[in-house]
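Visitor: What would the 3D arrangement of this be:
(2 chains)
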Amino acid sequence: MSDSSGMDEEYLEKARRIIDEVESGNIEAADKLVEELSRSRDKSLFQELGKLTREFHDSLNSFKLDSKLTELTGTEIPDAKERLKHVIEMTDKAAHKTMNVVEDLLPLCETLDGQGEEIHSLWQRFMKRDMEPDEFRKLCKEIEVYLEEQHQGTGRVKNGLTEILMAQDYQDITGQIISRVINLVSDLEVSLVKLIKDSGALMEETNGVASAKNDKNSLDGPQIPGLETSGAVSGQDEVDDLLSSLGF
Amino acid sequence: MNKDMKILIVDDFSTMRRIIKNLLRDLGFSNTQEADDGQTALPMLQSGNFDFLVTDWNMPGMTGIDLLKAVRADEKLSTLPVLLVTAEQKREQIVEAAQAGVNGYIVKPFTAEVLKEKIGKIFERVGAA
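Guide: Alright, predicted model coming up:
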């Protein structure tokens, strides 16, 4: 402002001097002043052009930042969504694989256990000499069959346990995928904060967060250690206490 | 408690349905069916003579709390015992469920013992009423 008013005064002074010189008949001196005047106008024009160039340069730079954001939102976020979907698929697969084995082996264990118990009680009768020879011969055959079944069953259990063990490999892969998504979220956060700062509209962070959290229809889901929602109970015991205080 | 009672398990995650189904079978209840949200569960309940409903809260389509409210509003189903098994553990949500007429509330992750205890309590109370 002071610059431009200084400029105004300079113009005014020169204009007055031009009139004076013209009135006094010194046309040559007046010409010289007119030239000076136009030169000073050129100078301010160059200054303005310089300012514009700087602004243009700055916006180009912030556009570069925008293109980082474009890249994040255009490719990396959808990519991250796919990766997280993959995590769900992998954990789902591992859980089902494990449960398949368990569902398969539990009845086998129950059968073997039942047969063993039966043979055990017969054996006890034999030890108390409370058994006819015919019945004993039958028992011997049963024991032989049982031992064979037991052997095969234990083999199946061992295979199943190995299968369950192998099904845990999802942890490694999903862990890596989730770490990468966490990194992406951090990158996005940095870019967004920069953008907000550069556009000069730094919002009050807490207000935004609070209004999102207060949405009554949104459910909080599982409590994450270290990120507990306020007003949440910390386990089954507190749920029971709360319900019993309500007359349950 | 009638071990042959017909139970509907509602959860959008099939693994959780399987876990609950297996736990129930271990407790001696093997007459179970499954649904993946309230919208599929409600017609099943209305036509299926179920004795007990075990449902998750947070599901797409129709949530567990809305299913509970729909069950209580339905003349034929209004007295059906309902157990919520959910990761939601905000006080106001537990209170909301209680006010909507839930019979039991279990927070995930849970153990077989907790499930057994809550089912026992629910049918003790239903039997006494």
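
Visitor: In chain B, where is pLDDT below threshold?
Guide: By pLDDT under 70, the weakly predicted segments of chain B are B:128-129.

Visitor: where along it do the strands fall?
Guide: B:7-10, B:32-35, B:52-55, B:82-86, B:104-107 (DSSP state E).

Visitor: how about these, which one is nearest chain A?
Guide: strand B:104-107 (5.4 Å; Cβ to the nearest Cβ). Bear in mind the C-beta positions are built from the backbone N, C-alpha and C, glycine included.

Visitor: Now do the closest one: distance to the chain's middle.
Guide: Computed by Cα atoms, centre = their mean, to the nearest Å, the chain-centroid distance of strand B:104-107 equals 9 Å.

Visitor: tell me which residues in that strand are buried?
Guide: For strand B:104-107, a neighbour-count test (16 or more other Cβ atoms under 10 Å in any protein chain shown) marks B:104-107 as buried.

Visitor: among those residues, which are within reach of chain A?
Guide: Residues of those in contact with chain A (Cβ under 8 Å from any Cβ of the partner chain): B:105-107.

Visitor: what would these look like in TSV with distance to A:Val145?
Guide: Output for these, formatted as TSV (distance: Cβ to Cβ, whole Å):
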residue	distance to A:Val145
B:Tyr105	50
B:Ile106	44
B:Val107	48
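
Visitor: A:Glu189: which of the residues you listed is nearest?
Guide: If you rank those by distance to A:Glu189 using Cβ to Cβ, B:Val107 comes first, at 30.9 Å.

Visitor: ok, and the closest non-adjacent residue to the closest one?
Guide: B:Gln89 (4.9 Å; Cβ to Cβ, 6 or more residues apart in numbering or on different chains).

Visitor: Hmm, the one you found is touching A:Ala232, no?
Guide: Yes. Contact criterion Cβ atoms under 8 Å: B:Gln89 and A:Ala232 qualify, at 4.9 Å.

Visitor: if you count what's nearby, which of these two comes out ahead?
Guide: B:Gln89 (25 against 18; other Cβ atoms under 10 Å in any protein chain shown).

Visitor: mind listing what the more buried one touches?
Guide: A:223, A:232-235, A:238-239, B:107 (Cβ atoms under 8 Å, 6 or more residues apart in numbering or on different chains).

Visitor: In chain B, what residue spans correspond to helices?
Guide: B:14-26, B:38-48, B:64-73, B:91-99, B:112-128 (DSSP state H).

Visitor: Which pLDDT value belongs to A:Ser217?
Guide: Not quite, residue A:217 is Asn, not Ser. If you check A:Asn217, the pLDDT there is 63.

Visitor: Which of the helices and strands in chain A ranks last by mean pLDDT?
Guide: Least confident helix or strand of chain A, by mean pLDDT, DSSP states H and E, is helix A:205-213 with a mean of 50.

Visitor: does the helix ranked longest in chain A come close to chain B?
Guide: For chain A, the helix with the greatest residue count under DSSP H is helix A:77-127. Yes. Applying Cβ under 8 Å from any Cβ, one finds helix A:77-127 touching chain B at A:91-92, A:95-96, A:99, A:102-103.

Visitor: which residue is nearest the centroid of chain B?
Guide: Centroid check for chain B by Cα atoms, centre = their mean gives B:Val54 as the closest residue, at 1.7 Å.

Visitor: how about B:Leu115, what does it touch?
Guide: With Cβ under 8 Å, 6+ apart, B:Leu115 has these contacts: B:20, B:23-24, B:27, B:85, B:106.

Visitor: what separates it from chain A, distance-wise?
Guide: 10 Å (Cβ to the nearest Cβ, to the nearest Å).

Visitor: For chain A, what lies in contact range of chain B?
Guide: So far as Cβ under 8 Å from any Cβ goes, chain A lies against chain B at A:91-92, A:95-96, A:99, A:102-103, A:219-223, A:229, A:231-236, A:238-239, A:242-243, A:246, A:248.
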